[in-house]
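Undergrad: sharing a model prediction with you, sequence too.
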Amino acid sequence: TNEVFPVDAKEELLEECENIWKELEECQSKLMLLGIETMLQSDTKLALLMVQWKALTVDYQQWHERSPEIISNNPDVLLELGKEELQKVKNDLEIMLSAVWSKNKQLEEDLKREQQWYEEQKEMINTLDRIEEETKPQAECLHKTRGLEELHNKMLKLKAYREELLSALGEFLEKHYPLPQNGRNKNSSAESDIELLALQDILEILINKLMTTPHEPYITIDESFWPPYIELLLRFGMALRHPEDPNRMRLEAFHK
């Protein structure tokens, strides 16, 4: 048995070396084909493949020129070599095991910290949800109050703007469309002595009537309405007579 064992080991080593050389030759052929295809695609890739090709060629030559070393024929020597190799593997495994334990310990600590952080965030979310539920009615009430305040402010602005428009309209009408000097209706009887309405007053009456009772916007024309004012409003399309009663008129609905 001692005489046959080295011969078998030698044959196995030679066969293994031959297989390695064949693999290197196949790699060499594939790299040559790959190098040609890559050369057609990119000059940068070609330079990189050339460097790799040279490195592989050097390795191939070294393996080709290297003679396989035959292990000693002495079984004791082979046993010692096997023990040394197993001891190396054992040491490597112990180092790996120690690293894994250390990593596991670190992961456990990280997991504890993450769980603690998760619990804190969960508690914070619950607190925020509770605060939101408690303040939701107040927020709705505040929103409604704020909406009412905004609406009230808009109404005040509109009233102020309306007053400005009426004031500007009054000045314009008083300047360009004044009442007669005595401000009395000449066509009325002396006993009645009715005071005429200014054009601004007539327009305000028409506007208020249209806004308060839009379904019945007509007003009755009495002796306080100066006829030239009535003709002016009708001629320029600002007012319309009632189709059945000429003594009634309404403001034209410009807002529709």
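TA: Thanks, I have the structure now.
Undergrad: any idea how many residues pack against Asn247?
TA: 12 (other CB atoms under 10 Å). Bear in mind the C-beta positions are built from the backbone N, C-alpha and C, glycine included.
Undergrad: check the gap between it and Pro227 for me.
TA: Counting by CB to CB, to the nearest Å, the gap from Asn247 to Pro227 is 12 Å.
Undergrad: pull the number of nearby residues for Pro217.
TA: 20.
Undergrad: helix, strand, or coil at it?
TA: What DSSP: H, G, I helix; E, B strand; the rest coil gives for Pro217 is coil.
Undergrad: in this structure it contacts Ile205, no?
TA: No: using CB atoms under 8 Å, Pro217 makes no contact with Ile205, being 10.9 Å away.
Undergrad: contacts only, for His242.
TA: Tyr218, Arg248, Met249, Arg250 (CB atoms under 8 Å, 6 or more residues apart in numbering).
Undergrad: ok, residues contacting whatever helix or strand the third one lives in?
TA: I take that to be Met249. Using DSSP states H and E, Met249 maps to strand 248-251. Here strand 248-251 makes contact (CB under 8 Å, 6+ apart) with 203, 206-207, 209-210, 217-221, 230, 233-234, 238-242.
Undergrad: which among these end up buried?
TA: Leu203, Leu206, Lys209, Leu210, Pro217, Tyr218, Ile219, Ile221, Leu233, Ala239, Leu240 (16 or more other CB atoms under 10 Å).
Undergrad: what about the strands in the stretch 151-256 of the chain?
TA: Remark: strands assigned in the stretch 151-256 of the chain by DSSP state E, counting those that start in this stretch are 219-220, 239-241, 248-251.
Undergrad: distance from the chain centre to the first one, please.
TA: Between the centre of strand 219-220 and the centre of its chain there are 60 Å (CA atoms, centre = their mean, to the nearest Å).
Undergrad: pull up the pairing partners for it, direction included.
TA: Each strand paired with strand 219-220, and its direction, by DSSP bridges: strand 248-251 (antiparallel).
Undergrad: report the central residue of this structure.
TA: Ile125 (22.7 Å; CA atoms, centre = their mean).
Undergrad: so which strand or helix has that residue?
TA: Judged by DSSP H and E, Ile125 forms part of helix 75-176.
Undergrad: summarise which helices and strands that helix is packed against.
TA: Under the contact criterion of 3 or more CB pairs under 8 Å, 6 or more residues apart in numbering; DSSP states H and E, helix 75-176 touches helix 199-212.
Undergrad: ok, now how distant is Gln138 from Lys144?
TA: With CB to CB as the criterion, Gln138 and Lys144 are 11 Å apart.
Undergrad: revised request: answer the last question for Glu252.
TA: Taken as CB to CB, the span from Glu252 to Lys144 is 38 Å.
Undergrad: for these two, indicate the residue with more neighbours.
TA: Neighbour count, other CB under 10 Å: between Glu252 and Lys144, Glu252 has more, with 16 against 10.
Undergrad: I'd say that one and Leu240 touch.
TA: Yes: assessed by CB under 8 Å, Glu252 is found in contact with Leu240 at 6.0 Å.
Undergrad: picking up where we left off before, quick one: which of the buried ones among the contacts of strand 248-251 is nearest Gln116?
TA: Ranked by distance to Gln116 (CB to CB), the buried ones among the contacts of strand 248-251 are led by Leu210 at 72.6 Å.
Undergrad: residue contacts, the closest one?
TA: Pro217, Arg250, Leu251, Ala253.
Undergrad: nearest residue to the third one other than its sequence neighbours?
TA: If I follow you right, that is Leu251. Leu206 (3.8 Å; CB to CB, 6 or more residues apart in numbering).
Undergrad: before we move on, what about the second one?
TA: Taking CB to CB, 6+ apart as the measure, Arg250 lies nearest to Pro217, with 4.2 Å between them; neighbours along the chain are not counted.
Undergrad: please list all residues in contact with that neighbour.
TA: Leu206, Lys209, Leu210, Arg250, Leu251, Ala253.
Undergrad: tell me who's in contact with Trp101.
TA: Contacts of Trp101 (CB under 8 Å, 6+ apart): none.
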